[in-house]
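[1] sequence and predicted structure, then a few things I'm wondering about:
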Amino acid sequence: MSDPVLRLSAIEKSYNAGKPNEVRVLSGVDVALNAGEIVALVAPSGAGKSTLLHIAGLLDTADSGTVEIEGEDMTARSDRKRTAMRREAVGFVYQFHHLLPEFTALENITLPQLANGTPRSEAELRAYDLMTRVGVEGRADHRPSAMSGGEQQRVAFCRALANAPKLLLADEPTGNLDPATSDQVFGTLLDLVRGTGMSALIATHNLELAAKMDRVLRLEGGRLVPV
Ligand SMILES: Nc1ncnc2c1ncn2[C@@H]1O[C@H](COP(=O)(O)OP(=O)(O)OP(=O)(O)O)[C@@H](O)[C@H]1O
């Protein structure tokens, strides 16, 4: 059997360690995501979802424990190696789209590909393909301010998938949308992820949305427990 796309083992993380205001957030997180698996992460506000996703996506480091991506132990790697792995293998989606305001939808999806060395014509073809799959191809030349919240978030999904990552990490990806739009846009994200065969760890407060994924894990007392 191939290595899990993501494996976190015995991850511990505190903020302000050793000080009176120490906050112990993660105290032994273990999880493995197999290829193509889509896992929901549910937790009360403040339980440490964002901290966990940042550690999994190599944006932050744990105090102890190991982070493996595609079988490669990234824990003690140099910043350069961690950044290279993140660019190549990981896509992020946040609650707010974080699209670059001065660029069009097409440019927002093309730029990360150009940064990774993809030729422009190929990058634009891929951007159009992704936009068509989520139904925003008609907004290619629009800047974020000229798109609805749902459209902006769909473009953000395309950007996250632009470099064909093996792993998608999403932090409340439809949390700023109204419930009806959120359901619709979330469905689009799941279809997109399933269509590409990538693995995903998706944090959501919404238990109905969580139930649409392959597995649900709850972050409780600093550990992950199956729901
Ligand atoms: N840089 C920091 N310094 C000190 N404490 C922090 C820091 N970042 C987060 N925390 C604390 O760690 C805990 C977990 O934060 P985190 O943002 O991971 O939670 P979350 O589950 O993503 O919350 P939410 O769902 O509200 O976004 C919180 O109690 C938070 O106040």
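    Happy to help now that I have it. Numbering: from 1, shown residues only.
[2] so which bits of this structure are right by the ligand?
    When proximity is defined by Cβ under 6 Å from any ligand atom, the chain lies next to the ligand at 15-16, 23, 25, 43, 45-51. All C-beta spots, glycine's among them, are computed from the backbone N, C-alpha and C.
[3] now those residues: which count as buried?
    If you count burial by 16 or more other Cβ atoms under 10 Å, the buried members of those come out as 25, 43, 47-51.
[4] mind checking which of the residues you listed land in strands?
    Secondary structure assignment by DSSP state E places residue 25 of those in strands.
[5] of the buried ones among the residues of the chain next to the ligand, closest to residue 127?
    Taking Cβ to Cβ as the measure, residue 127 lies nearest residue 50 of those, at 27.7 Å.
[6] quick check: beta-bridge partners of the closest residue to that closest one other than its chain neighbours?
    Of all residues not flanking residue 50 in the chain, residue 171 sits nearest, at 5.6 Å (Cβ to Cβ, 6 or more residues apart in numbering). Note on residue 171: beta-bridge partners residue 203, judged by DSSP bridges.
[7] contacting residues around the closest residue to residue 109 other than its chain neighbours?
    The shortest distance from residue 109 to any non-neighbouring residue, by Cβ to Cβ, 6+ apart, is to residue 127 (3.9 Å). Counting by Cβ atoms under 8 Å, 6 or more residues apart in numbering, residue 127 makes contact with 106, 109-110, 113, 140, 158, 162.
[8] what is the mean pLDDT for the longest helix along the chain?
    When the chain is parsed with DSSP state H, its longest helix is helix 179-196. For helix 179-196, the mean per-residue pLDDT is 89.
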